[in-house]
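**Student:** Provided below for reference: sequence and predicted model.
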Amino acid sequence: MARLDAAALGSEPVGKLLIKQAVPASIGILVMSLNILVDTIFVGNWIGSIAIAAINVVLPISFFIAALGMAIGIGGSSVISRALGGDDKEKARRTFGNQITLTILLTVTMVTLGLIYVDSLIPTFGGKGDIFDPAKIYYTIVLYGVPFLALSMMGNTVIRAEGKPKFAMVAMIIPSVTNLFLDYLFINVMDMGIQGAAWATTISFIFSFSYVLWFFLTRSELSINLGHFEFKWPILKEISSLGFVTLARQAVVSITYLLMNNILFDLGGEDSVTVYAIIGRMLMFALFPVFGMTQGFLPIAGFNYGAQNWQRVRKSINRAVIYASALALLVFAGIQIFAEEIVMVFTTNQKVIAETPSAMRWVFAATPVIAVQLIGSAYFQAIGRAVPALLLTLSRQGFIFIPLVLILPQYLGEIGVWVSFPLADVLSTLVTAWFLNKEIRLKLKPAAVKTFPKKGIL
């Protein structure tokens, strides 16, 4: 975590900085999303479209539990970064110890409850009809590996906090490569079906955890002892408050999956759930450069805001919005042109192939404007304003999309589900743009105002 690198955030050209920060983040997101994408292709072609739907039902439950680790990691890593920067290694070690204890306690508890209530949870999340049995098989096996995933996600953010991004990137690549190799072995060679897909995923989580554990035993500055695992309320409070935005976001994502799977099952059965599963994978994969740009923007905006360099903060917002919008436009064009070809990679089910392209085009229809919403909510997170960051982060899915998807299908049928996506994108972007421009006019001055007299950024 070199001081020279931190100083560069306030001195290097903003455009160059954005690219330097965004590329590693984009690669990490790409590797994870590509893993999910290829995994879905394997499952769809080697097992069948019902298996895709089954995995889609399980994902929000397992990902929410794993997101506990990510939230604890993000919250604690902020504390660790500042502690290391202030040469307070003891606080950094104690924070890390508390992160480990908290992650194990919460994830094991959640997994235990998840296994006890498996027969009611799966139908609640849309695992009905022919989807139930394969979903239960996949869910039960994968849940055993989720605590390892949560610990890996928590540890990954701490590795970054120590200033060792290459190790963090390897930790993300290992489970992806392992999962794809084991998918081929278990599903295609050993013909284990949905059980093979589940064991491939679980073992990949364990491999990732093993690498993260190796790092902290041999390469980390955070050498901890048993005393560091004891809970300290001030540290727990700080970890929780900073990590809550991440956890709340994932909770809303899980609720969205729950609603979508149930609504689509009622409207079109298993095939409609499969359509959404394919589109969901493309949302994770196709937007990786936009999400990477958002992640790259965070440290630049935060550093310069702390230095009260308002002109660079405003310039970083402008550049991030422009770059991310350009990337989003390319994604939009690719989806609109190649929707049919994309769908045929996932499945041979003719009904799914017929229905998915139109739905996918609707879902991505407002993609060119989403950069404003993402950068705007990230800005408030970067400057430490948790409440507006949380509200704007949740505005799209929580406050706008969920009401739309509950109302529109009653009048428009299944098309109402897909139209809800671009409407939520546009409305949440307008809300975020208003708040962001207000913030710029009132806060980012006087230097920024002199540079940009009367213009907003949008």
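**Tutor:** Yes, it's here. Numbers count the residues shown, from 1 in each chain.

**Student:** what's the burial count for residue 16?
**Tutor:** 11 (other Cβ atoms under 10 Å). All C-beta spots, glycine's among them, are computed from the backbone N, C-alpha and C.

**Student:** whoops, I mixed them up, residue 232
**Tutor:** 14.

**Student:** ditto for residue 403
**Tutor:** Counted by other Cβ under 10 Å, the residues lying close to residue 403 total 12.

**Student:** for the one 5 residues further on, same thing?
**Tutor:** Residue 408 is flanked by 17 other residues according to other Cβ under 10 Å.

**Student:** hang on, isn't it packed against residue 418?
**Tutor:** No: with contact defined as Cβ atoms under 8 Å, residue 408 does not count as touching residue 418 (9.3 Å).

**Student:** In terms of residue numbering, what are the domains of this structure?
**Tutor:** Domain ranges of the chain: 1-28+287-458, 47-269, per automatic domain parsing.

**Student:** Mind putting those domains into JSON lines with mean pLDDT?
**Tutor:** Converted to JSON lines, the domains of the chain look like this (pLDDT from 0 to 100):
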{"stretch": "domain 1-28+287-458", "mean pLDDT": "82"}
{"stretch": "domain 47-269", "mean pLDDT": "84"}
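
**Student:** now these in TSV, with distance to residue 39?
**Tutor:** TSV is the format used below for those (distance: least, Cβ to Cβ, whole Å):
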stretch	distance to residue 39
domain 1-28+287-458	11
domain 47-269	6
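
**Student:** Can you say which of the ones you listed is nearest to residue 277?
**Tutor:** domain 47-269 (3.6 Å; Cβ to Cβ).

**Student:** From the opening residue of the closest one to its closing one, how far?
**Tutor:** 19 Å (Cα to Cα, to the nearest Å).

**Student:** all numbers from here: first residue = 2
**Tutor:** Right, with 2 as the first residue, what we last looked at is domain 48-270.

**Student:** Just the buried residues of whichever strand or helix holds residue 154, please?
**Tutor:** Assigned by DSSP states H and E, residue 154 belongs to helix 133-162. When neighbours are counted by 16 or more other Cβ atoms under 10 Å, the buried residues of helix 133-162 are found to be 133, 135-144, 146-162.

**Student:** and what of stretch 211-218?
**Tutor:** For stretch 211-218, burial by neighbour count (16+ other Cβ under 10 Å) applies to 212, 213, 216, 217.

**Student:** Closest one to residue 339 out of those residues, please.
**Tutor:** residue 212 (35.3 Å).

**Student:** check contacts around the closest one.
**Tutor:** 171, 172, 175 (Cβ atoms under 8 Å, 6 or more residues apart in numbering).

**Student:** Give me the three-state assignment for it.
**Tutor:** Here residue 212 is helix, with the state taken from DSSP: H, G, I helix; E, B strand; the rest coil.

**Student:** What distance do you get for it to residue 71?
**Tutor:** 17 Å (Cβ to Cβ, to the nearest Å).

**Student:** Give me the distance between whatever helix or strand residue 121 lives in and the centre of its chain.
**Tutor:** Under the criterion of DSSP H and E, residue 121 resides in helix 119-125. From the chain centre to the centre of helix 119-125 is a distance of 24 Å (Cα atoms, centre = their mean, to the nearest Å).

**Student:** Give the other helices and strands that the helix holding residue 154 contacts.
**Tutor:** Judged by 3 or more Cβ pairs under 8 Å, 6 or more residues apart in numbering; DSSP states H and E, the packing partners of helix 133-162 are helix 50-86, helix 90-117, helix 119-125, helix 166-184, helix 194-219.

**Student:** how much space is there between residue 348 and residue 55?
**Tutor:** For residue 348, the distance to residue 55 - Cβ to Cβ - is 13 Å.

**Student:** More neighbours: these two, which one.
**Tutor:** residue 55 (33 against 25).

**Student:** Residue 24 and residue 293 touch, don't they?
**Tutor:** Yes: using Cβ under 8 Å, residue 24 is in contact with residue 293, at 7.2 Å.

**Student:** so how many other residues sit close to residue 245?
**Tutor:** Neighbour tally, residue 245, other Cβ under 10 Å: 16.

**Student:** correction: residue 253
**Tutor:** The number of residues near residue 253, taken as other Cβ under 10 Å, comes to 18.
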